[in-house]
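[1] let's see this in three dimensions:
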Amino acid sequence: MEVASSSTSTSTVISTLVANFVLFSIFVTCFLILRLKFKRIYSPKSSFDLVDEEKKPEPLPKDPFRWVYILLTKPDSFILQQAGLDGFFFLRYLKNFATLFLFGLLTYIILLPINASNGMGNEGFDQLSIANVKHQQRYYAHVFVGWIWYGCVIFVIYRELFFYNSLKNVVLSSPKYAKKLSSRTVLFQGVPDSLLDEKQIFKLFSGIKRIYVARTNRKLEAKVQERAAFVNRLEIAENKLLKMAVKSKLKADKKGEVLEPVDDIRAYVPEKKRPRTKKGGFFSKKVDTIRFCQEKIPELDVEVKQLQKKFRHSMPLNSIFVEFENQYYAQLAYQSTLHHNPMRMSPAYIGIEPSDIQWSNMRIFWWERITRKALALAALVASIIFWAIPVAFVGVISNITYLTDKLPWLRWILNLPDQLYGIVTGILPTAMLAVLMMLLPMFIRAMAKIAGMPSYQSIELYTQNAYFGFLMVNGFLVTALASSATATVTKIVEQPTSAMSVLATNLPKSSNFYISYLTLQGLSVAGASLFQVVGLFLYYILGYILDNTVRKKWNRFSGLGTIAWGTVFPLFTQLASITLVYSIISPLILVFAMCAFFLIYIAYCHNITYCFIEAPDARGQHYPRALFQTFTGIYLGQVCLLGIFAVGEGWGPIVLQAIGIGATVFIHLNLNHAFDHLLTVVPIDCMRALDGKSSTPSYSGPSEYQTKILNRKKQSEKEYLKEKKEQEQIKSDLINNTDVEANVDDVNTLVPLLADRDFKTIESKNPIIRFIRPDVFLNYRHVKQILPATYNIEPEVSDDKHAYDAPFISAKIPGVWIPKDSMGLSDIESQRLREIVPISNENASFNEKGKIIFLGTPPN
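    Numbering: from 1, shown residues only. Alright, predicted model coming up:
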């Protein structure tokens, strides 16, 4: 049976499209039906008091479709307030590339007629790809369209880097961020022994408020964990005991019996039915859990408190946290070279919250860090190589019909119905690839910890790099080559010397796999993201089975989900890169990519703003990394075109394409050089006042400008008045353009900064002019208008002297939360255990069926 040469068969693509559209319709219909009833899953932030008031959005309309319009018309300030910097820039990435691919459809005007007419005679979608081009002269069209298209993509990347830099600086210099403890605290690793003395650190810096030398005490840490485990065991046992008592009371009431004495728990739960536990291991004797915990908790509490008093004598690690009086001093220290020897007092990190610290990596020496990074990298490279085997198998399945010439036993696949055949060659391989890629993140994060990453944020950034590498090698290169090789295996076997030319010619034909993959992401994944079937299962089914205490029920209810940017961002960076690779070779992919990114944007915009809370704050650092990673798609697309031109012996297009690649490399290197340092710091002019003397959110203290310039009698009155008038005008503009909720006099951000002077008086409403001039319309001062009002209010910061000490150093005994009952048994239990552990029955009770319910937040 002869197989058509067209790999991008209409049957496969349409079957995939139909199947995914059916799934999408099911998911969206379920979402529309359930979203108003199950508000805890689909609108928890707007329906319950689970987030701060400033993070609580207005409920979406009940209309089944109007909510989409409301989401799409929300201003940037709303997205930034609800999603934070990381979520805001992720959504911006999706929206920008959806828009870019929409404008990319203009390439159809030139490319589709050139590809389709008087070509190689390919059928189906292949006649719209470059593989159908017969005449070498037509390659010039692809070269020049590629120059324009990839040039526009690179300009968008530059524009977005400029915007990120401006908005990041605006946000980090706002009162909300500048006053944060994490913005004022710098972590230094690789600290030499001579500087592990607090007195010596004070000699290095100005503006130090407090120094935390990282210390370890494994015995104390183990005792704190053991104490917490016993308190948790006590809480579970008390909840179980009271629940059994209430059930007994309900049974007695049904029978008309009265259990006496009413206030004695033994009347409800016999001694032999009380919760019991094994005292010393699997083969030990069972004892009463509550009484056992009553004995152990006080003993452990005394040991913990004694060890905590001696923690200053614990062994210091080679990491220190230095808290400064303000962000200005912290940035000066962070951006400085501190030691004359290499690998000392480095690396340095800023913006790490105490809860995000990876304490196990505070001890690593500089030589150990180098070794561990090398080992982690070797493990990742080995994984990429060995992972290529199952991934290549998936690529083979997508074009398995081409193997039937050499493997006749596979020909039964050709006899399948068209719809089933499309599923086997379209949906099955894409689903298998998605499952394979889901298994990697845990391994990569483990490698990040082994490599010595000191915080949750750095682990996620490491994961983003590694996962994107995996996806591009195994999710694209291996699959594309395997798919192309499978489609041409017969020709290669017959003429081995023509392998390279055959593969280059048939590379465009592997685009069917990625059209199917984009369809899967755009329809099924976007629909599943809205439906949140996993969230429904975890909350309503798993919660019902596992949550046996009031605290577990509350934690299940109040624990909103977050997004792990280290694995989510690379998925869509890969999709954007794949689209860029095929955008000139097989331009049909652009329309599928545009729809996919648009639908994914709607799904994630809803979930991020109404369902999820912010993950640990990476301050948007994933975005510029994703933008630079997108260059991978540009390079691969240009190199593939060069290979196709070389096989077709189009020497003119080859030279022009080589020039295009050289220009891309040149621009890439210069963009990296221009933005590399800026993307990780807060510049000085974003922290100091324009008038040279006023306090700002980032700085308060003496000013040499005040003492050496303003106080000089030499300064002419005319010059002084001119400068003062300029400053007053800038402040007036800031007041008019800034969204504020507080009294103007109380909002420090309205003090003009040096960076606020960076503006140009080009007033134009022409969207093209505004687009091509990011230096004017996306500079610091203009971007400041996006800032939400709440960012102009200083946060309340407690002065915790143990903020950056290991948690076990200041850990207090956990509390016990039990439900209140009508017999007063929980009051008696609380009174009896109060001297041992903090215990309360507030905000918890039993319903009429004897099930534990919470009525409010935990009291302890």
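[2] what sits against residue 561?
    535, 611-613 (C-beta atoms under 8 Å, 6 or more residues apart in numbering). From N, CA and C alone the C-beta is placed, and that goes for glycine too.
[3] can you redo the residues you listed as a markdown table with neighbour count, pLDDT and secondary structure?
    As requested, those are exported to a markdown table (neighbours: other C-beta atoms under 10 Å; pLDDT from 0 to 100; DSSP: H, G, I helix; E, B strand; the rest coil):
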| residue | neighbour count | pLDDT | secondary structure |
| --- | --- | --- | --- |
| 535 | 18 | 91 | helix |
| 611 | 20 | 95 | coil |
| 612 | 19 | 96 | coil |
| 613 | 19 | 94 | coil |
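[4] will you turn these into CSV that also has distance to residue 631?
    Shown next, in CSV, are the contacts of residue 561 (distance: C-beta to C-beta, whole Å):
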residue, distance to residue 631
535, 35
611, 33
612, 29
613, 32
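[5] closest one of those to residue 194?
    residue 613 (43.0 Å; C-beta to C-beta).
[6] give me the spatial nearest neighbour of the closest one, chain neighbours excluded.
    On the basis of C-beta to C-beta, 6 or more residues apart in numbering, the spatially nearest residue to residue 613 that is not a chain neighbour turns out to be residue 560, at 4.5 Å.
[7] was I right about that neighbour contacting residue 610?
    No. Taking contacts as C-beta atoms under 8 Å, residue 560 lies outside contact range of residue 610: 10.3 Å.
[8] domain-wise, how is the protein divided?
    10-175+367-680, 181-217+314-350, 219-309+812-854, 684-785 (automatic domain parsing).
[9] just send those back as JSON lines, with distance to residue 357 too.
    Output for the domains of the chain, formatted as JSON lines (distance: least, C-beta to C-beta, whole Å):
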{"stretch": "domain 10-175+367-680", "distance to residue 357": "6"}
{"stretch": "domain 181-217+314-350", "distance to residue 357": "8"}
{"stretch": "domain 219-309+812-854", "distance to residue 357": "14"}
{"stretch": "domain 684-785", "distance to residue 357": "23"}
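[10] looking at these, which is nearest to residue 805?
    Closest among these, once you apply C-beta to C-beta, is domain 181-217+314-350, at 5.6 Å.
[11] and the furthest pair within the contacts of residue 561?
    Checking the contacts of residue 561 with C-beta to C-beta, the most distant pair is 535 and 613, at 13.4 Å.
[12] gap between stretch 274-283 and the chain center?
    42 Å (C-alpha atoms, centre = their mean, to the nearest Å).
[13] kindly report the same for stretch 146-158.
    26 Å.
[14] can you pull the buried residues of it?
    Of the residues in stretch 146-158, 146-147, 149-150, 153-154, 156-158 count as buried by neighbour count, 16 or more other C-beta atoms under 10 Å.
[15] state the phi and psi torsions of residue 263.
    phi -100, psi 20 (degrees, to the nearest 10).
[16] no no, residue 188
    Per degrees, to the nearest 10, the backbone of residue 188 is at phi -110, psi 130.
[17] which residues touch the residue minimising distance to the centre of the chain?
    What sits nearest the mean C-alpha location of the chain, by C-alpha atoms, centre = their mean, is residue 565, with 1.8 Å. Shown in contact with residue 565 (C-beta under 8 Å, 6+ apart): 86, 90, 460, 464, 615, 618, 622.
[18] can you tell me the closest non-neighbouring residue to it?
    Residue 565 sits nearest to residue 622 (C-beta to C-beta, 6+ apart), 4.8 Å away.
[19] how many neighbours does that neighbour have?
    The tally of other residues near residue 622 (other C-beta atoms under 10 Å) stands at 24.
[20] quick one on the thing from earlier: now render the buried residues of stretch 146-158 as a markdown table, adding pLDDT and secondary structure.
    Compiled in a markdown table, the buried residues of stretch 146-158 are given as follows (pLDDT from 0 to 100; DSSP: H, G, I helix; E, B strand; the rest coil):
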| residue | pLDDT | secondary structure |
| --- | --- | --- |
| 146 | 96 | helix |
| 147 | 97 | helix |
| 149 | 97 | helix |
| 150 | 98 | helix |
| 153 | 98 | helix |
| 154 | 98 | helix |
| 156 | 98 | helix |
| 157 | 98 | helix |
| 158 | 98 | helix |
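[21] got a markdown table for those residues, with distance to residue 262 too?
    Formatted as a markdown table, the buried residues of stretch 146-158 follow (distance: C-beta to C-beta, whole Å):
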| residue | distance to residue 262 |
| --- | --- |
| 146 | 85 |
| 147 | 88 |
| 149 | 81 |
| 150 | 81 |
| 153 | 76 |
| 154 | 79 |
| 156 | 74 |
| 157 | 74 |
| 158 | 77 |
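[22] tell me if I'm right that the residue nearest to residue 565 and residue 572 touch.
    No. Counting by C-beta under 8 Å, residue 622 stays clear of residue 572, with 11.0 Å between them.
[23] and the residue nearest to residue 565, how far is that from residue 87?
    The gap separating residue 622 from residue 87 is 10 Å, by C-beta to C-beta, to the nearest Å.
[24] tell me the one of the buried residues of stretch 146-158 nearest residue 280?
    residue 157 (62.7 Å).
[25] name the SS class of the residue lying closest to the closest one once chain neighbours are set aside, please.
    The shortest distance from residue 157 to any non-neighbouring residue, by C-beta to C-beta, 6+ apart, is to residue 627 (5.0 Å). Taking DSSP: H, G, I helix; E, B strand; the rest coil as the rule, one finds residue 627 in the helix state.
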